[in-house]
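[1] What follows is a predicted protein model with its sequence.
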Amino acid sequence: MRETLMNLLRLKDVQRQGWVDAGVSSPESVAAHSWGMAVLALKLCPDELDLEQVLKLCLLHDLPEVVVGDLTPRDDRSTKAADEHAAMKALAPEWLPVFEEYEAQATPEAVFARRLDKLDMALQAMLYEERTDLDLETFIRSARKTLGDDPLLG
């Protein structure tokens, strides 16, 4: 059990590859991103959605990256879905249904969690822009493809 728990916690050491590629020094980890989504969920979750399920989706959606790494759109993603599914099954099979729900966008909670994923990315880009001279507008534009003209993006 100890080794399993340690493997799960290794997500804190996986850096978000998009930020690394963009030249961000000391970029957030994938676990920090998941935490950011969870905090946004606590603040923004509509009453009609199951907050507990949204939080599970936020916290678990990127867990397979402990094994497969954080792939970006520039990477070969042809086996991403299968690789992540296999990784989730090996890491925490009891959470596989939650992961599958997110991947399939099968529920309103999963759709909302995906929106939080994009919102967290865009807001993080804005935070990085505040403290650096980097232009991270491509991340914000990417988020807008999912979020549209969400007023939270300014």
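    Okay, I see it.
[2] residue ranges with poor pLDDT in this protein?
    Residue ranges of the chain with pLDDT under 70: 77, 154.
[3] Mind giving me the packing neighbours of the lengthiest helix in the chain?
    Criterion DSSP state H: the longest helix present in the chain is helix 108-131. Of the remaining helices and strands, those touching helix 108-131 by 3 or more Cβ pairs under 8 Å, 6 or more residues apart in numbering; DSSP states H and E are helix 17-21, helix 30-44, helix 51-60, helix 96-104, helix 137-147. No exception for glycine: its C-beta is placed from N, CA and C like everyone else's.
[4] Need the winner for burial among those.
    Each of these was scored by mean neighbour count; the highest is helix 51-60, a mean of 20, by mean count of other Cβ atoms under 10 Å.
[5] can you give me how far that helix is from the chain middle?
    Distance of helix 51-60 from the chain centroid (Cα atoms, centre = their mean, to the nearest Å) equals 11 Å.
[6] Which helix or strand lies directly C-terminal to that helix?
    From helix 51-60 onward toward the C-terminus, using DSSP states H and E, the following helix or strand is helix 65-68.
[7] Distance check, A104 against L49.
    With distances taken as Cβ to Cβ, to the nearest Å, A104 is found 17 Å from L49.
[8] A110 now?
    A110 is 10 Å from L49, where distance means Cβ to Cβ.
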